[in-house]
Structure formats: structure tokens, C-alpha cells
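>>> Curious how this folds, go ahead:
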Amino acid sequence: MEPQDFQQAILRWFKKQGRTDLPWQNPITPYRVWVSEIMLQQTQVATVIPYFERFMTSFPSVEILAEASMDDVLHHWTGLGYYARARNLHKTAQQVAFNLNGVFPDNIEQLIELPGIGRSTAGAIRSIAFKKPAAILDGNVKRVLARYAAIEGWPGQTKVHKELWDLAEQLSPNQRTAEYAQAMMDLGALLCKKTSPNCTQCPIGTDCKAHKQGNQSNYPGKKPKKTLQVKTCLFVLLRNQNGEILLQQNPPTGLWGGLWVLPQVEKQEDLHSLCTQMGLNLGEWQLLDWQRHTFSHFHLDYQTVVADIEEIAKAVNEMQKQVWYNPKNPLSLGMPAPIKALINI
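Got it, this is the predicted structure:
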């Protein structure tokens, strides 16, 4: 297929089968497109939709987001994972609101300079929000193009990555850019799936090399398998007589940066000394079963000590950013999903 024929086939399919009722499409603004694209990084549309809608209700403009506290932003992000995205979202909102008069740039180079925006996200913002020519290459588009041109190898490899970008640039149109960008993402999400792709309904199926070869599952190439390291920790859930739970805030950078978590100890024997340091009288406690939470680069195996405090302790260490949290009357704090689950046991 010539690029023009490829574009027309994609756009004809999109007109009949594409998604046009996603919340960030009505209305389309640079702010809404940007927030949705950050949320959609490594996260499926169905998961993102309720988060996006709540986010827009609380932060309807880039100025309001810029003025919000990091705690409030992380609270709205709880459960989406990859929390660096939320921290970068807040930083970018502040740069746009305070340094760019609330106006997002419409060129790739300036967009990429903003925290958390890479080449593909910049392309999506430019093509969808500003309706200007730009290529995109998210996970869905990588899969479509790798199969269409039978590009071998894992997209994380420099050579393969460049080949996919070159093809994306070659095929991207100068007109109807918003429709084309959404069409390519929809094609990967709805038809050209990781498993059981629906090639008979695909608008470019007859010209797809992988389909002709009958080996669609070989593309794109798989990431080399790597044995994930296993780390362990012991969380301490301290509960006072009011049913409040002690939480403390992590440093702004690093794992679960800026999020509120349970205190940790190396071993069970350290439980008493932890309570003594905090001026708390330890009552009955129990040890829960092991659980596992998997990050992109390691497994976290953890146990939790649930301990009752005999006396109501009102004083917390503000220097260590600690707080008594009432699950029945929750504060707007950002928490990792495993911690949120533990405090609601």
C-alpha cells in the first residue's frame, strides 16, 4: 500500500468502527488530551475512564491542577500505578500554568521538554488536540505497524524502535490527523490485539505481511525474559482505639514517592521498639499471611503486622509527616493500592 492508500483505508474503517465517545474526546482540548494520554501510558482505556472523569471533576483546568496539592493529585491517582506519571503531571501543570500562561505548546520539541511527555505522547497531543501532523507510536500502534511490515525484534531495541518510528512517520497524514491518530490506537485495541487478532475485519489485513505469513503472534518481538528480583518487607498497621491507622509519607522521589504508607520494620522483634520511639503502648497484635505486589522490575513480598495501641495517641511526628487516618472518614491522601487494601481490612 502507498501511504495515501493506507491512510484512506484506516480512516474509512474509523468512520464506521472507531471510538468517538471516549470522555476525553468530548470536548477535545489540549489539557484533556494531555491528561488522558498520560493516564493511558501502560494502562487500558476501560481502567482509565473512571479515573479521568473523577480527575476532570476535581481539576477541570490546568490552572486548578497546578494549584492543587501533590497529596490531592496522588489521591486521585491511587490505583492507577506508575505514580511518577502523577508527579510529572503536577510538574507539567505548574510549568504550563505559571510559565506558559496556561497554553500548551503545539510543537513536538517544546512538548517533549515538559515532564513526563515523550515523543509519542507529544505526537498525540499535537495531532489530536491541535490537528497538526505528527506521528504516534504507543503500544497499540507498535503492534499494528510491526505486523503490517513484519518488523522483527523487540521494539525496545534501538534498531527496531527506529524502524517503527520511520514507518510511523512515513504513514502519518498531513490532514485529518486527529481521526488518524485515534484510528491507529483503536485498530490496535479493537482488532489487532495481542492475542486472537481479528484480521478478517482489519482494513489493512490484505496487505499485512504478518497476516500473509500466518504468524501474527510473532510480531512485535517479545521482550527478553528477565528473572525479577524478590524484595521483602514487614508493614506495621498501628490502630488506635478510635480505629485510626498511622500513616507516614514517603520522600517525594523513589519507590511510591510522595505516597502515604504504613511504617516498616526489619523483623517482628522491632515492633516494640518502633512503638516506643513513637510513644505508643503496644497491645495485642497479629501477623497476616504473605502477599505479593509486582512492580515492573521486581516483586515485593510483604507481611503485615496488625497491632492495636492501648492508649489513644493524638501526637504524631510532623517532621516525619505522619498522620492518624480514619478509613470511615478518609483524608484525601495518595496511597499505593496494596496499602489502601490493607487499611480497609
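>>> Show me what the least confident helix or strand in the chain by mean pLDDT packs onto, helices and strands only.
Among the helices and strands of the chain, helix 271-278 carries the lowest confidence by mean pLDDT, DSSP states H and E, at a mean of 87. Helices and strands touching helix 271-278, by 3 or more C-beta pairs under 8 Å, 6 or more residues apart in numbering; DSSP states H and E, are strand 229-239, strand 282-287, strand 298-309. From N, CA and C alone the C-beta is placed, and that goes for glycine too.
>>> Rebuild these as a markdown table, extending it with mean pLDDT.
Shown next, in a markdown table, are those (pLDDT from 0 to 100):
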| stretch | mean pLDDT |
| --- | --- |
| strand 229-239 | 94 |
| strand 282-287 | 91 |
| strand 298-309 | 94 |
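>>> Could you dump the ones you listed into CSV with distance to residue 154 and mean neighbour count added?
Putting the helices and strands packed on helix 271-278 into CSV (distance: least, C-beta to C-beta, whole Å; neighbours: other C-beta atoms under 10 Å) gives the following:
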stretch, distance to residue 154, mean neighbour count
strand 229-239, 21, 16
strand 282-287, 42, 13
strand 298-309, 20, 17
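>>> Output these as JSON lines; include the columns distance to residue 132.
Shown next, in JSON lines, are the helices and strands packed on helix 271-278 (distance: least, C-beta to C-beta, whole Å):
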{"stretch": "strand 229-239", "distance to residue 132": "44"}
{"stretch": "strand 282-287", "distance to residue 132": "58"}
{"stretch": "strand 298-309", "distance to residue 132": "40"}
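>>> mind checking which of the ones you listed is nearest residue 324?
Evaluated over the helices and strands packed on helix 271-278, closeness to residue 324 peaks at strand 229-239, with 9.2 Å, by C-beta to C-beta.
>>> now the angle between strand 282-287 and that closest one, please.
Per axes from the mean of the first three to the mean of the last three C-alpha atoms, to 10 degrees, the angle that strand 229-239 makes with strand 282-287 is 140 degrees.
>>> by contact count, what packs against strand 229-239?
Against strand 229-239 (3+ C-beta pairs under 8 Å, 6+ apart) you get strand 245-249, strand 264-265, helix 271-278, strand 298-309, helix 337-343.
>>> Now render the ones you listed as JSON lines, adding distance to residue 3.
Shown next, in JSON lines, are those (distance: least, C-beta to C-beta, whole Å):
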{"stretch": "strand 245-249", "distance to residue 3": "51"}
{"stretch": "strand 264-265", "distance to residue 3": "55"}
{"stretch": "helix 271-278", "distance to residue 3": "64"}
{"stretch": "strand 298-309", "distance to residue 3": "43"}
{"stretch": "helix 337-343", "distance to residue 3": "43"}
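>>> Of those, which is nearest residue 36?
Of all these, helix 337-343 sits nearest to residue 36, with 20.8 Å by C-beta to C-beta.
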